[in-house]
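[1] Sequence first, predicted model second:
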Amino acid sequence: MSCQRLRSLLAPLAVIFIVGTLVTVSRLASASAQNSTPSSSAKAKSQTSKTSQADPSLDAGFVASGVYRNRSVGFTCKIPAGWVLRTEEMNAQDPEGDKTEAKKTASNSAKTGRVLLAAFSRPPEARAEDVNASIVIAAENTASYPGLKDAAQYFGPLTEVAQAQGFEVAEDPYEFAVGTKTLVRGDFQKNVGTRVMRQSTLVILARGYAVSFTFIGGTEDEVEELVQGMSFPSAAKTTH
């Protein structure tokens, strides 16, 4: 991943953190890269098989009738009524104003990482007393994480970044079944004034990507309701 691409992905996420939402994939790649030595990275790359390389057929998915669908990974996610979408803005934002470079990196996003869905209960820039509930689904090329072999390992850098942002681990990573799939889930929380922000992130490795599903809410029930909106239908259903 180029430094320019990484910066362009980090910028919108940093804004989201300021308004009280989440840690997502792009910052994890940065933490992972900083903790990897050149020799270990080279060794890991030499051990990478063709099946673990990013599949260029991973699509961006689409939203219809309040449901996000991604047929290449085979899942759906319900978006609560009245929520606002900021997916395109998160992927397109160029912090340094270099629109030409931004277009180049955007066209190469399938090979690096991108936000598949960013949905919020209110616009991220709108301030309020309650937690801005949100859903962010993102895909990061596993090549950004030398030696990554399973979803549980992804929580190493994720936890480091979450803790750096003031989150505490509420539940260590554990297997979590969603329909026909088993993902790895980790739960975090953060005191924000008189309220608590709760975050659950679920991860699965698919098509050479680490696909993460991050849900933010002000209560455990609110987060669980959002998680329950995610589904992995049978292969037969996702092909139509």
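    Nice, I can see it.

[2] What residues sit buried inside the strand or helix carrying N91?
    Taking DSSP states H and E as the criterion, N91 maps to helix 87-92. By neighbour count with 16 or more other Cβ atoms under 10 Å, helix 87-92 contains the buried residues T87, M90, N91. C-beta: built from backbone N, CA, C; applies to glycine.

[3] Equivalent analysis for stretch 182-193, please.
    Quick answer for stretch 182-193 (16+ other Cβ under 10 Å): L183, V184, R185, G186, D187, F188, Q189, K190.

[4] Out of these, which sit inside strands?
    L183, V184, R185, G186, D187, F188, Q189, K190 (DSSP state E).

[5] didn't the second one look like it was pressed against Q153?
    So that's V184. No. Using Cβ atoms under 8 Å, V184 makes no contact with Q153, being 9.1 Å away.

[6] shaky segments in this protein?
    1-57, 93-112, 234-240 (pLDDT under 70).

[7] can you map out the helices along it?
    3-18, 25-34, 38-46, 87-92, 99-107, 155-164, 220-227, 235-238 (DSSP state H).

[8] For L148, which residues are in contact?
    Each residue near L148 by Cβ atoms under 8 Å, 6 or more residues apart in numbering is listed here: T142, Y154, L205, A210.

[9] ok, the last one - contacts?
    Okay, so that is A210. Contacts of A210 by Cβ under 8 Å, 6+ apart are V25, A139, E140, T142, Y145, L148, A151, Y154, V203, I204.

[10] if I read this right, G61 contacts A118, doesn't it?
    No. Using Cβ under 8 Å, G61 is not in contact with A118, being 11.9 Å away.

[11] got the contact list for stretch 59-79?
    55, 57-58, 80-81, 85, 114, 116-117, 119, 135, 137, 139, 178, 181, 204, 206-207, 211, 213, 229-233, 235, 238-239.
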